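Trainee: coordinates only, no sequence provided:
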């Protein structure tokens, strides 16, 4: 039921036809003829000034100036939601499909002739004419609702992108942002390379929300966190009764992501035994749901991420070659903080401001030399570690951030600070470069090991295989 009045603008230059239109709508109190104009140019001026009309009733061959399809197009440029009903005395066009099609293409909602059975009293067939006005109004309301819903969705996407913004102005980050925008326009699969903590999921999320899939699901999956025996049921789902304990059917993550993006983090940990199922999704867009006889088709874009050398894993038969080439259509490398040191102050300030707002505090200011320590620090844990350090700084400091507070927040030990804050070069004791390199390696390996839980973790941070790490540490006297 229509609750609000339907406001009409009539564009007609014959008084006789204006009277017939008014007489036709008169019994219906909710249909209000707000204005009447006799030319196309007057109509355009009025519509530009008064944004109140729901439906326009216009003569196709109005006298003088702009008329017909051109007038329809100009009205739609001003307000695309206004619905237009065309009336014409050109009865020859009543069954002309091309004429009707041109009107619809121009933006008209409906058209009719001026000549009904009772030509003196009414315009067209009164019942059909009134129904067309009501239908035109409802179409306008639906289009407005759809437009407003889309605006809200678009704003939600912009809000997500604002919260998940990639921070930095370094050349490496500018290149990364350029790649993200470029790859978002494609549906090709991507592998994101980068060290742990650099923000690979953030890059994948930005690609998704800048792409045509932005209104669908973005589902992140950590391949290393799902037990090998459960990965098929988690990713591809299962039917009720397909195995012991399957008491109801369950949609897998790929099925849930249909139309959207699946982010496979730590793709190198994806079990070799299940890689053929993933390959089938990539090749044919089909998932093998456990217990289902028929294949289920899905449309997903896959973005994978790794901090390992997949090509080496392919060579060592630890990763399927055909799957690697299916995934590795596009590549993105996410630089670590050591490659973008100029971004460190920007990142520190950003996270200090963010966490301060969450805590209801004013961000503290840095004393001289405090920020320089953060810039010169190695950041083996990258952005993830930087976020943690920034939070510690807020807990340790109120109004100002001292050098000592920075050292404590990072977790540097005093002996390391004293040794690495600067090097004293003695002109009386110049040693071979090889000896200096050895001393630096020893100190740095010792530092990285102190920041790691195990030798394996330290080796990974240093980009070394565990046996090589052990050999170097032994050569330096650390083992």
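Mentor: Noted; the coordinates are in hand. The shown structure was predicted, so the numbers you read here are calculated from the model rather than taken from an experiment.
Trainee: can you get me the start-to-end distance on stretch 254-272?
Mentor: End-to-end distance of stretch 254-272 (C-alpha to C-alpha, to the nearest Å): 18 Å.
Trainee: and it, which residues are buried?
Mentor: 254-255, 257-258, 260-270 (16 or more other C-beta atoms under 10 Å). The C-beta positions use only the backbone N, C-alpha and C, and glycine is treated the same way.
Trainee: doesn't residue 134 make contact with residue 109?
Mentor: No - with contacts counted by C-beta atoms under 8 Å, residue 109 stays clear of residue 134, the gap being 11.4 Å.
Trainee: the two: who's more crowded?
Mentor: residue 109 (21 against 15; other C-beta atoms under 10 Å).
Trainee: list the contacts of that one.
Mentor: 55, 83-85, 132, 135-136, 139 (C-beta atoms under 8 Å, 6 or more residues apart in numbering).
Trainee: one more time with 10 Å, if that's ok
Mentor: When contacts are counted by C-beta atoms under 10 Å, 6 or more residues apart in numbering, residue 109 touches 55-56, 72, 82-86, 103, 132-133, 135-137, 139-140.
Trainee: max pairwise distance over those residues: which two?
Mentor: With C-beta to C-beta as the measure, no two of the contacts of residue 109 lie farther apart than 103 and 137, at 18.6 Å.
Trainee: hmm, back to that, among the buried residues of stretch 254-272, which are located in strands?
Mentor: Counted as lying in strands by DSSP state E, out of these, are 261-265.
Trainee: give me the below-cutoff pLDDT ranges for the stretch 351-479 of the chain.
Mentor: Scanning the stretch 351-479 of the chain for pLDDT under 70 picks out 412-429.
Trainee: show me where it has strands.
Mentor: Secondary structure of the stretch 351-479 of the chain by DSSP state E, counting those that start in this stretch: the strands cover 365-366, 400-401.
Trainee: give me the sheet partners of the last one and which way each runs.
Mentor: Which is strand 400-401. strand 365-366 (parallel) (DSSP bridges).
Trainee: show me the contact partners of the partner strand.
Mentor: Against strand 365-366 from outside (C-beta under 10 Å, 6+ apart): 345, 348-349, 352, 372-374, 393, 397, 399-403, 405-406.
Trainee: what element comes up after the helix or strand containing residue 24 heading to the C-terminus?
Mentor: Using DSSP states H and E, residue 24 sits in helix 15-25. Going down the chain from helix 15-25, the next helix or strand is strand 31-37, by DSSP H and E.
Trainee: secondary structure element for the residue lying closest to residue 278 once chain neighbours are set aside?
Mentor: Leaving aside its sequence neighbours, residue 278 sits nearest to residue 323 (C-beta to C-beta, 6 or more residues apart in numbering; 6.3 Å). Using DSSP H and E, residue 323 maps to helix 321-327.
Trainee: can you list the buried residues in that helix?
Mentor: So for helix 321-327, counting by 16+ other C-beta under 10 Å, buried means 323-324, 326-327.
Trainee: in the helix holding residue 24, what counts as buried?
Mentor: For helix 15-25, by 16+ other C-beta under 10 Å, it's 17-18, 20-21, 24-25.
Trainee: burial count for residue 356?
Mentor: For residue 356, using other C-beta under 10 Å, the count is 15.
Trainee: next: residue 350.
Mentor: So residue 350, with other C-beta under 10 Å, has 17 neighbours.
Trainee: where does the closest residue to it other than its chain neighbours fall, secondary structure wise?
Mentor: Leaving aside its chain neighbours, residue 350 sits nearest to residue 167 (5.1 Å; criterion: C-beta to C-beta, 6+ apart). Residue 167 is part of no helix or strand when elements are defined by DSSP H and E.
Trainee: again with residue 175
Mentor: Residue 175 belongs to helix 171-184, assigned by DSSP H and E.
Trainee: give me the contact list for that helix.
Mentor: By C-beta under 10 Å, 6+ apart, helix 171-184 touches 165-170, 190, 192, 194, 199, 202-214, 303, 329-336, 339-340, 342-343, 346.
Trainee: for the stretch 351-479 of the chain, which segments count as helices?
Mentor: 370-376, 382-396, 403-410, 414-420, 433-450, 455-461, 466-475 (DSSP state H, counting those that start in this stretch).
Trainee: let me see the domain layout of the protein.
Mentor: Structural domains annotated on the chain: 6-147, 171-335, 337-411, 428-479, as defined by automatic domain parsing.
Trainee: okay, and for this protein, where does confidence drop off?
Mentor: Ranges of the chain meeting pLDDT under 70: 1, 64, 90-97, 113-124, 239-247, 249, 288-294, 412-429.
Trainee: picking up where we left off before, the helix holding residue 323: how far from the chain's middle?
Mentor: Offset of helix 321-327 from its chain centre (C-alpha atoms, centre = their mean, to the nearest Å): 25 Å.
Trainee: and the contacts of residue 109, which of them are in helices?
Mentor: 72, 103, 132-133, 135-137, 139-140 (DSSP state H).
Trainee: under a three-state scheme, what state does the nearest residue to residue 11 once chain neighbours are set aside occupy?
Mentor: Leaving aside its sequence neighbours, residue 11 sits nearest to residue 58 (C-beta to C-beta, 6+ apart; 3.9 Å). Counting by DSSP: H, G, I helix; E, B strand; the rest coil, the backbone at residue 58 sits in strand.
Trainee: right, and residue 58 touches residue 74 too?
Mentor: No - the criterion here is C-beta atoms under 10 Å, and residue 58 misses it with residue 74 at 11.5 Å.
Trainee: now do the shared contacts for the two.
Mentor: The contact lists of residue 58 and residue 74 share 40, 43, where a contact means C-beta under 10 Å, 6+ apart.
Trainee: between those two, which one's more packed in?
Mentor: Higher neighbour count among residue 58 and residue 74: residue 58, with 24 against 17, using other C-beta under 10 Å.
Trainee: could you measure from the more buried one over to residue 193?
Mentor: 61 Å (C-beta to C-beta, to the nearest Å).
Trainee: what does residue 433 give?
Mentor: 33 Å.
Trainee: more neighbours: the two, which one.
Mentor: residue 193 (18 against 8).
Trainee: okay, how far is it across stretch 371-384, tip to tip?
Mentor: Stretch 371-384: ends 18 Å apart by C-alpha to C-alpha.
Trainee: quick thing: my sequence starts at 30, can you match it?
Mentor: Let's use 30 as the start, then, which means that last one is stretch 400-413.
Trainee: what comes up buried for that stretch?
Mentor: Buried, per 16+ other C-beta under 10 Å, within stretch 400-413: 400, 402-403, 406-412.
Trainee: reformat these as CSV; add distance to residue 211.
Mentor: Below are those laid out as CSV (distance: C-beta to C-beta, whole Å):
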residue, distance to residue 211
400, 34
402, 37
403, 32
406, 32
407, 31
408, 28
409, 30
410, 29
411, 24
412, 23
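Trainee: was I right about residue 490 contacting residue 479?
Mentor: No - Residue 490 lies out of contact with residue 479 (C-beta under 10 Å); the separation is 11.4 Å.
Trainee: compare those two (neighbour count), which wins?
Mentor: Neighbour tally, residue 490 and residue 479, criterion other C-beta under 10 Å: the higher count belongs to residue 490, 20 against 12.
Trainee: show me which of the contacts of strand 394-395 are buried.
Mentor: 377, 381, 402-403, 422, 426, 430-432, 434-435.
Trainee: pull the most distant pair out of those.
Mentor: 381 and 432 (16.3 Å).
Trainee: for residue 104, grab the count of nearby residues.
Mentor: 25.
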